[in-house]
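Q: take a look and give me a structure for this.
(3 chains)
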Amino acid sequence: MDIKQEDRGTATVVSIVGSLDAMTSPQLTEFLNGQLAEGRANLIGDLAALEYTSSAGLRALLNATKEARQRGGDVRLAAVQPNVKKVFELSGFTSILKFYSDVPTAVASYKG
Amino acid sequence: MSDKLRITRAAQLETLAVFRDFIDAACQRRGIDSATCYDLKLAMDEACTNVITHGYAGMNPGSLILDLEFAPQQVVVTITDFGHPFEPYEPDAPDARAGLEDRDTGGFGLFFIYKTMDHVDYQTTEEGNRLILTKKLNWTVPA
Amino acid sequence: MFQRLRLRQQPLKVAPDPEELSVGQLIGDYALPISIRGINGLPADAKRRIYRALIPASLLTRANINPITWNGLDGNPQVILAAEVDKGVVNLAIKDAPDASDVFFNVELADNAFNGIDLNLLLLNDPASPRFRTDYDDEGKPTYFGTVRRNLAEDERAMRAGLAPGQIRAGLSASQLFFQQLDTFLSFLSHHAVTLEPLTYASAWVFERRGFAYMRGHKLMDDIQREFQPGGKLHAALDGSTPFRQPDQWRTVRGRAWAIQDGILSALDTRWNDVRMVKQVGRHAGVNTFPDAIY
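A: Predicted coordinates for the structure are as follows:
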């Protein structure tokens, strides 16, 4: 799993590449907590290259979303692959999280 | 004879990716669709994560054995370990009405296994703890 | 991950009270496991009939021992069966001559606390190969396969002669034959598995090849493999400080086993301890913690 980060105006795009499982998700949690601690609360998870997640990755994203919302921000998810999307659907969290078809749309959602 | 594959590795988190790749390769060779393959990987991953983090807690981890058995109408995934036995039982569905703040973000592992598999069986015997996951296929594997 | 788990209780089908083993049980539910203690309670002839199935017949005929009577050419017994009433242990030993002081085959099976069977001991020695006194120290005290104390001078000679730690003679290549026999014997008793604690790294490696998986210590074996590679902690600890820690030893199973016997695992803050292996009857686990190994 690889994580890349890029600031886009008031939002921060975090691209997650590869697989999220119990082995790799602690790295994501650490990374997202670091972003929040630095004051980047408007986060976008670019999941275009996330091929797999288990409940461990789901939990990492949900906890970061909780934390971001408490700081007045959010974690918005962009370009989620169908198999990964199904994991969110199974969990019942699709109604609570915000999904966007691509990164620019997710960036735009933070404006205005 | 049926179409069986087996891989054995140490019960540590690094093994999860090895087993997922093993399932991927096996599914691809048999032309099994990506959604079914994902379900098999997810259920295996959740079950193995549990064995690795709980089943072998407090000892130098032993083996995890992954058996795949492909038949025209179903795939059977069997996970064998030799740690503390835990019987996984079907959990309640998550409460879809609760807000994020009120919801427990953990405990999805078992739920995902029951959601993605058609049958879940568990046995503890002198040859280890065995979780047997059956996934029906909605098509016929070409001969 | 699972948050709610329920502890599963003991195996579903257990051996009945062992003293009760009788013809009734033998003709009763064929799936009920029979314990060693149960067999040991049988009359001597019945006991012997059953335990005869534990020794590969060809191992006996190879040494000119009659596989039925267990006698040698001169009519003297060469197989020693120890299977005491009220004990859950059986020991079978074979001598290549009636007056031989050592045995070349020795196996011990025991009931364990989980209604299963432990392989306590398996010795397969080539009686024609040179004998090393690795089993007794300078003062004549037993070393218990080098686990309690060591005879360093003899260990070194044995190592140079190509033996593994714990051996007094070169091994007899018959472990595959024995484990095939053991599978049949265990299924006859309605057992599905056998467990053991490998004495050394080399024996664990052999048991992997014979189809065993690990109940404990698979990670340790992976750690050993990784750390013996160039750049690893065990590789670095092969510093020539003792005869058993020579730089090239990481390349072979025996070399690693001698270094581990010499305590090299302290470089990983651990030691060779609490490794447990299990073999499912009729199945090979396919474990290989030292790929492309040289023995």
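
Q: would the lowest-mean-pLDDT helix or strand in chain B count as contacting chain A?
A: Ranking every helix and strand in chain B by mean pLDDT, DSSP states H and E puts strand B:86-87 at the bottom, with a mean of 78. No: using Cβ under 8 Å from any Cβ of the partner chain, strand B:86-87 stays clear of chain A, coming no nearer than 16.0 Å. Where C-beta positions appear, they are placed from N, C-alpha and C, glycine not excepted.

Q: name every strand pairing with that strand and say which way it goes.
A: strand C:6-7 (antiparallel) (DSSP bridges).

Q: what's in contact with whichever helix or strand C:L177 is part of?
A: Secondary structure from DSSP states H and E places C:L177 in helix C:175-188. Residues outside helix C:175-188 that contact it (Cβ atoms under 8 Å, 6 or more residues apart in numbering or on different chains): C:53-56, C:58-59, C:107, C:117, C:119, C:122, C:124, C:192-194, C:206, C:210-211, C:279, C:281-282.

Q: by contact count, what packs against the helix of greatest length in chain A?
A: When chain A is parsed with DSSP state H, its longest helix is helix A:55-70. Applying 3 or more Cβ pairs under 8 Å, 6 or more residues apart in numbering or on different chains; DSSP states H and E, we find helix A:55-70 packed against strand A:11-20, helix A:25-37, strand A:42-46, strand A:74-78, helix A:82-91.

Q: pull the number of nearby residues for B:Q28.
A: 11 (other Cβ atoms under 10 Å in any protein chain shown).

Q: before we move on, what about C:P291?
A: By other Cβ under 10 Å, the residues close to C:P291 number 6.

Q: can you check B:A17 too?
A: A count of nearby residues for B:A17, using other Cβ under 10 Å, gives 17.

Q: give the bridge partners for B:F70, please.
A: B:D3, B:V75.

Q: mind listing what the closest residue to C:K95 other than its chain neighbours touches?
A: Leaving aside its chain neighbours, C:K95 sits nearest to C:Q78 (4.9 Å; criterion: Cβ to Cβ, 6 or more residues apart in numbering or on different chains). C:Q78 is in contact with C:63, C:65, C:70-72, C:94-98, counting by Cβ under 8 Å, 6+ apart.

Q: and those residues, which of them are buried?
A: By neighbour count, with 16 or more other Cβ atoms under 10 Å in any protein chain shown, the contacts of C:Q78 hold C:63, C:65, C:70, C:72, C:94-97 as buried.

Q: just these: which are in strands?
A: C:I94 (DSSP state E).

Q: of the buried ones among the contacts of C:Q78, closest to A:G92?
A: C:I94 (65.7 Å; Cβ to Cβ).

Q: the closest one contacts C:P56, doesn't it?
A: No: using Cβ atoms under 8 Å, C:I94 is not in contact with C:P56; the gap is 10.6 Å.

Q: and residue 47, what does it touch?
A: All of this refers to chain A. A:16, A:77-81, A:84.

Q: that's the wrong chain, I wanted chain C
A: Here C:K47 is in contact with C:39-40, C:81, C:83 (Cβ under 8 Å, 6+ apart).

Q: make sure it is indeed in a strand.
A: No: if the criterion is DSSP: H, G, I helix; E, B strand; the rest coil, then C:K47 is helix and not within a strand.

Q: distance of C:R37 relative to chain A?
A: 43 Å (Cβ to the nearest Cβ, to the nearest Å).

Q: so that residue makes contact with C:A110?
A: No: using Cβ under 8 Å, C:R37 makes no contact with C:A110, being 9.1 Å away.

Q: quick one, which of those two is more surrounded?
A: For C:R37 versus C:A110, the count of surrounding residues by other Cβ under 10 Å is larger for C:R37: 22 against 18.

Q: can you give me the buried ones in the helix or strand containing that one?
A: Assigned by DSSP H and E, C:R37 belongs to helix C:36-40. Across helix C:36-40, burial judged by 16+ other Cβ under 10 Å covers C:36-40.

Q: just name the closest of those residues to chain B, please.
A: Comparing the buried residues of helix C:36-40 against chain B with Cβ to the nearest Cβ places C:I36 closest, at 13.8 Å.

Q: for that closest one, give me its contacts.
A: Per Cβ under 8 Å, 6+ apart, neighbours of C:I36: C:83, C:88-90, C:109-111, C:117.

Q: gap between it and chain A?
A: Separation of C:I36 from chain A (Cβ to the nearest Cβ): 41 Å.

Q: re earlier: return the member of the contacts of C:I36 nearest to B:A47.
A: C:I117 (27.9 Å).

Q: residues in contact with the closest one?
A: Contacts of C:I117 by Cβ under 8 Å, 6+ apart are C:36, C:109-111, C:186, C:189, C:191, C:193-195.

Q: residues of chain A that sit close to chain B?
A: A:19, A:21-23, A:52, A:54-56, A:58-59, A:62-63, A:65-66, A:69, A:82-83, A:86-87, A:90-93, A:95-96.

Q: buried subset of these?
A: A:19, A:21-23, A:52, A:54-56, A:58-59, A:62-63, A:65, A:69, A:83, A:86-87, A:90-93, A:96.

Q: can you report how many residues lie near residue 106?
A: Since you didn't name a chain, this refers to chain A. Neighbours of A:A106 using other Cβ under 10 Å come to 25.

Q: try again with chain C
A: C:N106: 17 neighbours (other Cβ under 10 Å).

Q: where's it, which helix or strand?
A: Applying DSSP H and E, one finds C:N106 within strand C:105-111.

Q: partners of that strand in the sheet?
A: Strand C:105-111 is paired, per DSSP bridges, with strand C:89-94 (antiparallel), strand C:117-124 (antiparallel).
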